[in-house]
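Q: Turn this into a structure:
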Amino acid sequence: MIEVIPPEIRRRLAWSGFGLVGILVLGTAVYRIIGGAGTSLIDAFYMTFITVATIGFTEVIDLTHSPVGRLFTVFISLSGIGTMTYLVMTLTAFIVEGQINTAFRRKRMERVIERFRDHFVVCGVEGTAQHILNELRATDRPFVVVDPDRAKLEKLAGTFANIAFIEGDATDNATLLTAGLPTARGLFAVTADDNQNLVICLTAKQINPKARVVVSCQELRNSDKMRKAGADAVVSPTFIGGLRMASEMIRPTVVSFLDTMMSRKEEPLRVEEVIVPEGFAPRPISALSLKAYGHLLLLALKSKGDWTYNPSQETVISPGEALVIMTTPEERVHLERALNATAAS
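A: This is a model prediction of the structure:
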């Protein structure tokens, strides 16, 4: 909770709190001196408290014949009331401004998300979700994060600049609609709870049956249920982790190559897929001028379930087929735009 309070508000609260404590301590000490030897600390503190709080109960220390005591009471009263007023105003400003700012930020975020098309919805923020978000950001793909924990979302926003997120339950239709699922390309259900991921999958497929849904599965015995619920792919982190450990042992050079390819900050390479758009007139691969792309390597062509590895330049490509390429995110975007422009012409 403290981390949510802005530093300036925390500073003001601290100073006013210390000031109020100081006034209470000072008043207690002085009133005990004014009251004489028969005055207890409780009586002196009580006298200070009712003066600062302006409660107006009976004075337990007689100030009838003590002009100094009365003047000190005026001083303590003005100081205490001023400090308490400042403290209350600071708290009120934080609560009211925080609520207003939260409402404005939510509305602004929703307007931004409304313009999203072909984006990805990531349900969850911890564990596997972090790696998914890193990859989506590295490959320049738009995404929206959904999670019910605002503190986790705020922390995530500090890591990812200009991140779009929705605070809410991903199993709720309204939340996924706000996240733009009807126009999304796909959804990741990556919470730590298999049951929750299952419900998210069902909800997502009801809203947008065309969206590809990838679900994280902690227990392999739940994978069949998730596929029946509509998941297009079910991934078990433990299963993938086991395969990775085996690969590290028996093919370390290949793993090192892939890790280096994925971790390069300058011109990072990825194995990508580019779908040939509708309206694209069939033509040979040579017509795409792939050699003009400095880092692009055509690995395979998928056509109606059949694979053609290392296709020749004379191989004809048609709408709906997928080009599997190794390239940079920027070159992938340029190729997609070129294909779309050709299809539209």
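Q: what's the one helix or strand residue 341 maps to in contact with?
A: Element membership of residue 341, judged by DSSP states H and E, is helix 329-344. Here helix 329-344 makes contact (C-beta atoms under 8 Å, 6 or more residues apart in numbering) with 138-140, 268, 270, 272, 274, 276-281, 288, 290, 293-296, 319, 323, 325, 327. Every C-beta, even on glycine, is put in place using the N, C-alpha and C of the backbone.
Q: Ok, stretch 217-230 next?
A: The contact list for stretch 217-230 (C-beta under 8 Å, 6+ apart) reads 192, 194, 197-198, 201-202, 204-205, 209, 213, 215, 234-239.
Q: Counting neighbours, which bits of that stretch end up buried?
A: 217, 222, 223, 225, 226, 229, 230 (16 or more other C-beta atoms under 10 Å).
Q: cool, stretch 289-303 as well?
A: 290, 293, 296, 298, 301, 303.
Q: hey, where'd the strands end up in the chain?
A: For the chain, applying DSSP state E gives strands covering 120-123, 143-147, 164-167, 186-189, 212-216, 233-235, 270-275, 283-284, 297-303, 306-309, 316-317, 322-327.
Q: Need these in JSON lines (columns: mean pLDDT).
A: Output for the strands of the chain, formatted as JSON lines (pLDDT from 0 to 100):
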{"stretch": "strand 120-123", "mean pLDDT": "96"}
{"stretch": "strand 143-147", "mean pLDDT": "95"}
{"stretch": "strand 164-167", "mean pLDDT": "90"}
{"stretch": "strand 186-189", "mean pLDDT": "96"}
{"stretch": "strand 212-216", "mean pLDDT": "95"}
{"stretch": "strand 233-235", "mean pLDDT": "93"}
{"stretch": "strand 270-275", "mean pLDDT": "91"}
{"stretch": "strand 283-284", "mean pLDDT": "92"}
{"stretch": "strand 297-303", "mean pLDDT": "93"}
{"stretch": "strand 306-309", "mean pLDDT": "92"}
{"stretch": "strand 316-317", "mean pLDDT": "93"}
{"stretch": "strand 322-327", "mean pLDDT": "94"}
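Q: Of these, which is nearest residue 24?
A: Nearest of the strands of the chain to residue 24, taken as C-beta to C-beta: strand 164-167 at 39.7 Å.
Q: could I have that closest one exported to PDB, CA atoms only?
A: What follows is strand 164-167, C-alpha atoms only, in PDB (Å, rounded to 0.1, in the frame of the first residue of the first chain):
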ATOM      1  CA  ALA A 164      -1.800  -1.300 -22.000                       C
ATOM      2  CA  PHE A 165      -3.500  -3.200 -19.100                       C
ATOM      3  CA  ILE A 166      -7.000  -3.900 -17.700                       C
ATOM      4  CA  GLU A 167      -7.600  -4.400 -14.000                       C
END
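Q: count of residues packed around residue 105?
A: Counted by other C-beta atoms under 10 Å, the residues lying close to residue 105 total 11.
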